[in-house]
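Student: Whatever this is, show me its structure:
(one chain, ligands or ions: 2)
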Amino acid sequence: MINTAIQVDSGADKFSEALKKLKTHFGEAAFNSWLKHLKLVGYGNGQVEASVPTRFIRDWIEAHYAEEIKSALSAEDSSIHSLDILVRTEIQEKQPPLNDLPQHSNIVDISIRTSAEQLGSPLDPRFTFENFVVGKPNELAHAASQSVAEAKEVNVGSNPLFLYGGVGLGKTHLMHAIAWHIRKNNPERQVVYLSAEKFMYQFIRALRNKDIMSFKEQFRSVDVLMIDDVQFIGGKDSTQEEFFHTFNALIDQNKQLVISADRSPSDLEGIEERIRSRLGWGLVADVNTTTYELRLGILQSKLELLKMEVPKQVLEFLAHRIVSNVRELEGALNKVIAHSNLFGREISLENTQEILQDLLRSNIRTITIEDIKKKVCDRYNIKMSDLNSARRSRSIARPRQIAMYLTKKLTTLSLPEIGRNFGGKDHTTVIHAIKKVEALAKETKELSDDLALLQRILQN
Ligand code: ADP
Ligand code: MG
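Tutor: Ligands and ions are numbered 1, 2, ... in the order given. The predicted structure follows:
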């Protein structure tokens, strides 16, 4: 350790100046998820030591941000040449050690346990970590889920874990995987998984039966509570209120919460501001739309499970054509296999097209934000990472604005979603970009031709 108080004092300004620049560079979202957790603990002799609350945050920062942090620090103070990130050990104050509990608590535990587990929904045995294929779009959500599943004690920094993303991209799969993992490795911890919808029905039933007290008791005796598709409680005020109380009670007792939704906490509609902001306090991880590589990987892994073989050409065709969500992709594969079993026919590209006729028609290739980014990068000869960066030079900012414009025009993503997909930018930045491109396209033929060409390529 190098932390003498004086050195820390003199380094503090430089450290916070560097953080400020990193915030502009990476954007608000990335900053709030990761970099804001850094606290300066040592400064001097060319070295900086900073701490973060959890091992997970440290690993993630080290893997994704360490180089940039170091450069930002040396830009402030050229003598700095190394950065050490430490994990602050957490003080567990709220939970008494197990052997302090009164002897009879076991009995109470068991009776609460059985009734509380009935509160939950069953877990799908296929939804495990082993069966989850990891790729760029779900890398963060997967790592976060695994870290929560493996944690020996609850980390304040990842509580709640909030997973969000579109339909059929693996949120429920990850939640079940966490539950399976904990049930297997820490059977004494009580895990309850249920949909927000089921939570609401239980709540309404308890109200009707005037049984609210035991409803509260049951939920609050859980160690890990997972509520899926929480967007469902939007607009349902009393359910929301009860959810919030349960949520707070569990967090206060240092119990783990895992929440999923189809959008980020700040985009949840019909949910009170204080609840939305509370949901975003822990670790927020998105599951993005799949890439071609991930879809192909998922198909291959399903075939391994089924111990089946399907021509490569057919797999590539499916991965290319069925892009909307993984559930549909699996459905298509199953249909092709079932068909071939039933009629004893070899699987070929031709009969695949025939079998999936209807599905393919309804699945007319939707354009993804990635397609757009890729084509824009190709056209203007810039790097994908430039599009997500905060760089403002014209040669980068203009293509970025064009990509945002095309995303608004050709996909169903909302303005905040578009902002997020370009390195965590604000929706006002997106609005500005769209207006700018529209105005410029009216003035210059070159740009309007470019836009038309890009659209043609993308819609092909
Ligand atoms: P969501 O809850 O996000 O709507 P699900 O978790 O129900 O989506 O996933 C839909 C289907 O796709 C499930 O059968 C799931 O196993 C599968 N799936 C999604 N992502 C993956 C993945 N990365 N690897 C393997 N299977 C996946
Ligand atoms: Mg789901």
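Student: Helix, strand, or coil at the residue in the stretch 151-300 of the chain that ligand 2 sits nearest to?
Tutor: For the stretch 151-300 of the chain and ligand 2, the shortest gap (CB to the ion) falls at Thr172, measuring 3.2 Å. Every C-beta, even on glycine, is put in place using the N, C-alpha and C of the backbone. Using DSSP: H, G, I helix; E, B strand; the rest coil, the structure places Thr172 in helix.
Student: ok, and the closest non-adjacent residue to it?
Tutor: Asp228 (5.7 Å; CB to CB, 6 or more residues apart in numbering).
Student: just Gln401 next, same as before
Tutor: Leaving aside its chain neighbours, Gln401 sits nearest to Ala433 (3.8 Å; criterion: CB to CB, 6+ apart).
Student: Distance of the residue nearest to Thr172 relative to Asp262?
Tutor: 10 Å (CB to CB, to the nearest Å).
Student: before we move on, what about Thr411?
Tutor: To Asp262, Thr411 is 15 Å away according to CB to CB.
Student: the more surrounded of those two?
Tutor: Thr411 (19 against 16; other CB atoms under 10 Å).
Student: Now do the same contact list for that one.
Tutor: By CB atoms under 8 Å, 6 or more residues apart in numbering, Thr411 lies in contact with Thr366, Ile367, Thr368, Ile369, Ile372.
Student: Can I take it that the second one is in a helix?
Tutor: No: counting by three-state DSSP, Ile367 falls outside a helix, being coil.
Student: That one against Gln455, yeah?
Tutor: No: using CB atoms under 8 Å, Ile367 is not in contact with Gln455, being 9.2 Å away.
Student: What average pLDDT does the helix or strand harbouring Asp358 get?
Tutor: If you go by DSSP states H and E, Asp358 is part of helix 357-362. The average pLDDT for helix 357-362 rounds to 79.
Student: Now do the buried residues in it.
Tutor: For helix 357-362, the buried set under the neighbour-count rule, 16 or more other CB atoms under 10 Å, comprises Leu360.
Student: do stretch 218-237 as well
Tutor: Buried, per 16+ other CB under 10 Å, within stretch 218-237: 218-234, 236.
Student: And the contacts of stretch 170-190?
Tutor: With CB under 8 Å, 6+ apart, stretch 170-190 has contacts from 113, 116-117, 123-125, 127-129, 131-132, 138, 141-142, 145-146, 148-150, 163-165, 191, 193, 221-224, 226, 228, 258, 260, 287, 326.
Student: Would you mind writing the CA trace of stretch 12-31 as CSV?
Tutor: Only the C-alpha atoms of stretch 12-31 are listed here, as CSV (Å, rounded to 0.1, in the frame of the first residue of the first chain):
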residue,chain,number,x,y,z
ALA,A,12,-7.4,13.5,-5.4
ASP,A,13,-8.0,16.4,-7.8
LYS,A,14,-6.1,14.7,-10.6
PHE,A,15,-8.0,11.5,-10.0
SER,A,16,-11.4,13.1,-10.1
GLU,A,17,-10.4,15.2,-13.1
ALA,A,18,-9.4,12.0,-14.9
LEU,A,19,-12.7,10.4,-13.9
LYS,A,20,-14.6,13.4,-15.2
LYS,A,21,-12.9,13.0,-18.6
LEU,A,22,-13.6,9.2,-18.6
LYS,A,23,-17.3,10.0,-18.0
THR,A,24,-17.5,12.2,-21.1
HIS,A,25,-15.6,9.6,-23.0
PHE,A,26,-17.6,6.5,-22.1
GLY,A,27,-21.0,8.2,-21.4
GLU,A,28,-23.2,8.4,-18.4
ALA,A,29,-24.5,4.8,-18.5
ALA,A,30,-21.1,3.1,-18.5
PHE,A,31,-19.8,5.5,-16.0
